[in-house]
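Student: next one to model:
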Amino acid sequence: MTQRSPGPQPGLDARLVADRIAGRAMADDRVWGSYTLDLTLEGLLALSEATGDPRYADHALSIIARRGWDGQHLPAPGTPPFTHLVFDAWRVARWEGFEARYVRDSEQYRREIPRGPDGAVLHPRRDGGQAMLIDSLQEYAARMARAAWLSGDMSFARECVEQFEVHRRVLRDGRTGLYHQGRGWLDDPEALSPGAWSRGQGWLIRGMVESLRYLPPGSPEHARLRAMLVELADALLAVQAAEGLWHALPARPPDRSPPESSGSAMIAAALARAVHEGLLPNEPYGQAALRAAKALRSYVTADGVVLNACPGPGPLVSEQGYLDVKGFPPDGDHGPGAVLQAVAAEILLSGPS
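Tutor: The predicted structure follows:
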């Protein structure tokens, strides 16, 4: 059964839910962890931006300082995968020398990243092979957009948008408008991963929005990517459940997979950010984001545990584990960072409610 807290209670507003998750997250003093720890630190930075409360950013920056990150000591691009933490931290800390180092590292990343025959950037498989993966695409493409913004070099902007375009050609399902998780994960290197996954769509739309924040408005690159954003947002709104969340397998009938918190949170955060940045209108996109964010409050317990965040890696090779299941174990490690970012985006868009 899908595990939930008792539901929204009188006076349970966005800030209270955020404080519950943030309090639990800030009790975790780990310096290193997987990318899900970095996703949580991103969520704390986003919450600090939305609320003006420095406590959240102070904790995240203290962990980052203990890693030794600064303008001249940065993690290699894509390490850990998927996240944007180092750039988000710089936006707050403004490390001296960061801009030039970030652009140099991005140029090397662009030059050395593995690519398929069609030019699509690839992600490593555990067996030593390489495959397309939308989770990885969004981190790479957003980095290219930011490098363009920092340097003025529009070749980075073109690379960003061209990657979204080649992934769209290969992975987008023409019937639903949603994206397969990847290509090359099955025995047949040309076979697509089955179906669509909530968190995969969340990674993808997040990458589109984050890229558009840094591409020059009025440029052809901005226009091309914004069209893809609208297309994906419309496809997602078409499968948003009445409750407000997205199901783990959003292309399947709603009774075939449960509502899922982490992917729903990432989609909601991206939609709300897009509205805040003027990339999408409030109706219907902002309203859809707010419905999801408010629904997520009943998936957070009184002690800040996020419920029904599914485990990875998603349906790379099979929908088994996501199809015809009742729910997912509580306290999944993808939940806190994703829901923090959704609640932060809700506050940024509309204020506590």
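
Student: can you check the pLDDT for Pro10?
Tutor: Model confidence at Pro10, given as pLDDT, is 40.

Student: correction: Arg101
Tutor: Reading off the confidence values, Arg101 has pLDDT 97.

Student: what does Glu221 give?
Tutor: With respect to pLDDT, Glu221 has a value of 98.

Student: so what does the closest residue in space to Thr176 that isn't next to it in sequence look like in phi/psi?
Tutor: Spatially, and ignoring its direct neighbours in sequence, Thr176 is nearest to Ala251 (4.8 Å; Cβ to Cβ, 6 or more residues apart in numbering). Using the backbone N, CA and C atoms, a C-beta is placed for each residue, glycine as well. Taking degrees, to the nearest 10, you get phi -80, psi -10 for the backbone angles of Ala251.

Student: when you give positions from now on, start the count at 362
Tutor: Got it, the first residue is 362 from now on, which makes the last one we talked about Ala612.

Student: you'd agree Ala612 is up against Gly538?
Tutor: No. With contact defined as Cβ atoms under 8 Å, Ala612 does not count as touching Gly538 (9.4 Å).

Student: neighbour count winner among those two?
Tutor: A count of neighbours by other Cβ atoms under 10 Å puts Ala612 above the other of Ala612 and Gly538, at 22 against 17.

Student: is it true that Gly384 touches Val666?
Tutor: No. Using Cβ under 8 Å, Gly384 is not in contact with Val666, being 11.3 Å away.

Student: just the helices from the protein, written as ranges.
Tutor: Assigned by DSSP state H, the chain shows helices spanning 375-387, 396-412, 415-428, 446-454, 459-473, 495-512, 515-532, 559-573, 581-599, 622-637, 648-657, 696-711.

Student: and the residue nearest to Ala454 when sequence neighbours are not counted, how many residues sit next to it?
Tutor: Leaving aside its sequence neighbours, Ala454 sits nearest to Leu422 (Cβ to Cβ, 6+ apart; 6.0 Å). Leu422 has 19 neighbouring residues, counting by other Cβ under 10 Å.

Student: which one's more surrounded, Gly384 and Val666?
Tutor: Between Gly384 and Val666, counted using other Cβ under 10 Å, Val666 has the larger neighbour count: 19 against 12.

Student: next up, the contacts around that one.
Tutor: Arg385, Pro691, Asp692 (Cβ atoms under 8 Å, 6 or more residues apart in numbering).

Student: for the second one, give me its contacts.
Tutor: Contacts for Pro691 (Cβ under 8 Å, 6+ apart) come out as Gln364, Thr662, Val666, Val667, Leu668, Asn669.

Student: per-residue confidence for the residue nearest to Ala454?
Tutor: 98.

Student: so it sits against Arg455, correct?
Tutor: No. Contact criterion Cβ under 8 Å: Leu422 and Arg455 do not qualify, at 11.2 Å.

Student: so where's the stretch 362-511 of the chain uncertain?
Tutor: 362-373 (pLDDT under 70).

Student: now with 50, please.
Tutor: By pLDDT under 50, the low-scoring segments of the stretch 362-511 of the chain are 362, 367-372.

Student: state the phi and psi torsions of Glu605.
Tutor: Not quite, residue 605 is Gly, not Glu. The phi and psi values for Gly605, taken as degrees, to the nearest 10, are phi 120, psi -20.

Student: need the pLDDT of the residue lying closest to it once chain neighbours are set aside.
Tutor: Leaving aside its chain neighbours, Gly605 sits nearest to Ala656 (3.2 Å; criterion: Cβ to Cβ, 6+ apart). The score at Ala656 is 96. That number is its pLDDT.

Student: wait, Ala656 sits on Leu606?
Tutor: Yes. Here Ala656 lies in contact with Leu606, judged by Cβ under 8 Å, at a distance of 5.3 Å.

Student: shared neighbours, these two?
Tutor: With Cβ under 8 Å, 6+ apart as the test, Ala656 and Leu606 both reach Ser625.

Student: of these two, who's got more company?
Tutor: The neighbour count for Ala656 versus Leu606, taken as other Cβ under 10 Å, is higher for Leu606 (27 against 21).

Student: the more buried one contacts Lys655, correct?
Tutor: No. Under the criterion of Cβ under 8 Å, Leu606 makes no contact with Lys655, lying 10.3 Å away.

Student: and the residue nearest to Thr537, what pLDDT?
Tutor: Per-residue pLDDT puts Ala612 at 96.

Student: same deal with the one 5 residues further on?
Tutor: The predicted structure scores Arg617 at 97 on the pLDDT scale.
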